[in-house]
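Chemist: below is the structure, and that's it, no one-letter string:
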Ligand SMILES: C[S@@+](CC[C@H](N)C(=O)[O-])C[C@H]1O[C@@H](n2cnc3c(N)ncnc32)[C@H](O)[C@@H]1O
């Protein structure tokens, strides 16, 4: 079976071995033209329009965690028969994280009176919209460059081989695009720019924070920023703790835990990617 994987980033690296056991990966399609002409696992990375029209394939496996639905629509618009498109690899992970939030939110909403919620690493708002939906009465702080990865975070990625990401990845978004999805936009506060610099001076308490920044440095700095701002039963989720494509996420959590001076515990949430941090935020 000939397979085109759509998405040639960290998610593709995570999935590749599993996909390669089901057939031959003949190419990677990717919307980032900076990757066209390069190769991954010996297969070329191409313009989606070109490879989906010119190559012979039996399956298009979507190997991108974010923007999965948009990519599926793009494939259909490019003439890929829907039955050839496989989205299942990341769908169940997304659904598990959403169900976790759906069940957690009523508990936190009952326990915590005065506290905000936040997501750092918003991209197109795929998870932010659910935070907004399940915490309708709380201010939701949204942190992102809205221009993709910042070069300042990438040196340490290379130095420790955490990931092979490049500046500008995840740039295909905007504040307007994100805000248009929010069920309660009046509750959202956008903090556009380099995180956590954009959080300096924000003196609020938080009962739920999702850190989905992929890279070591902003995750590590973000954990230190939020640690003194969490309510007693507050929860921080760190995405990609279990993802082999973003090794910096786990390293950031472990370094933070070893330095925090607090009794913080970590648990998986069933999405095969995130770790939940909870504990005695207020006490040593
Ligand atoms: C994987 S995406 C977030 C996905 C999103 N949470 C979702 O579930 O759909 C990672 C995001 O982190 C942002 N990001 C990474 N480092 C950042 C930094 N230092 N400051 C601001 N945003 C950053 C990127 O711009 C990108 O939009």
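Modeler: Alright, I've got the coordinates. All of these numbers come straight from a predicted model, not from anything done at the bench.
Chemist: could you use CA atoms for every contact and neighbour count after this?
Modeler: OK.
Chemist: hmm, residue 218 is touching residue 197, no?
Modeler: No - using CA atoms under 8 Å, residue 218 is not in contact with residue 197, being 9.6 Å away.
Chemist: where does this protein dip in pLDDT?
Modeler: For the chain, applying pLDDT under 70 flags the ranges 283-284.
Chemist: the strand of greatest length in it: what's the following helix or strand?
Modeler: Looking across the chain with DSSP state E, the single longest strand is strand 230-238. Where DSSP states H and E defines the elements, the next helix or strand beyond strand 230-238 is helix 247-259.
Chemist: out of residue 218 and residue 197, which sits in the more crowded spot?
Modeler: Neighbours were counted for residue 218 and for residue 197 using other CA atoms under 10 Å; residue 218 has more, 25 against 14.
Chemist: any idea how far the helix or strand hosting that one is from the chain center?
Modeler: Using DSSP H and E, residue 218 sits in helix 216-226. Distance of helix 216-226 from the chain centroid (CA atoms, centre = their mean, to the nearest Å) equals 15 Å.
Chemist: residues making contact with it?
Modeler: 153, 156-157, 162, 195-196, 206, 211-213, 247-249, 251-253, 255-256, 260 (CA atoms under 8 Å, 6 or more residues apart in numbering).
Chemist: and the ligand, is it touching that?
Modeler: Yes - using CA under 6 Å from any ligand atom, helix 216-226 comes into contact with the ligand via residue 218.
Chemist: against residue 250, how distant is the residue most central in space within the chain?
Modeler: By CA atoms, centre = their mean, the mean C-alpha position of the chain lies nearest to residue 212, the distance being 4.5 Å. Counting by CA to CA, to the nearest Å, the gap between residue 212 and residue 250 amounts to 12 Å.
Chemist: moving C-terminal of the lengthiest helix in the chain, what's the next helix or strand?
Modeler: Longest helix in the chain by number of residues (criterion: DSSP state H): helix 88-111. As assigned by DSSP H and E, the chain's next helix or strand after helix 88-111 is strand 116-120.
Chemist: partners of that following strand, with directions?
Modeler: For strand 116-120, the paired strands and their directions (DSSP bridges) are strand 140-144 (parallel), strand 206-211 (parallel).
Chemist: if we can go back for a sec, can you list the buried residues in the helix holding residue 218?
Modeler: Buried residues in helix 216-226, counted by 16 or more other CA atoms under 10 Å: 216, 217, 218, 219, 220, 222, 223, 224, 225, 226.
Chemist: what about the helix or strand encompassing residue 132 and the ligand, touching?
Modeler: Element membership of residue 132, judged by DSSP H and E, is helix 128-134. No - counting by CA under 6 Å from any ligand atom, the ligand has no neighbours in helix 128-134; the shortest distance is 6.8 Å.
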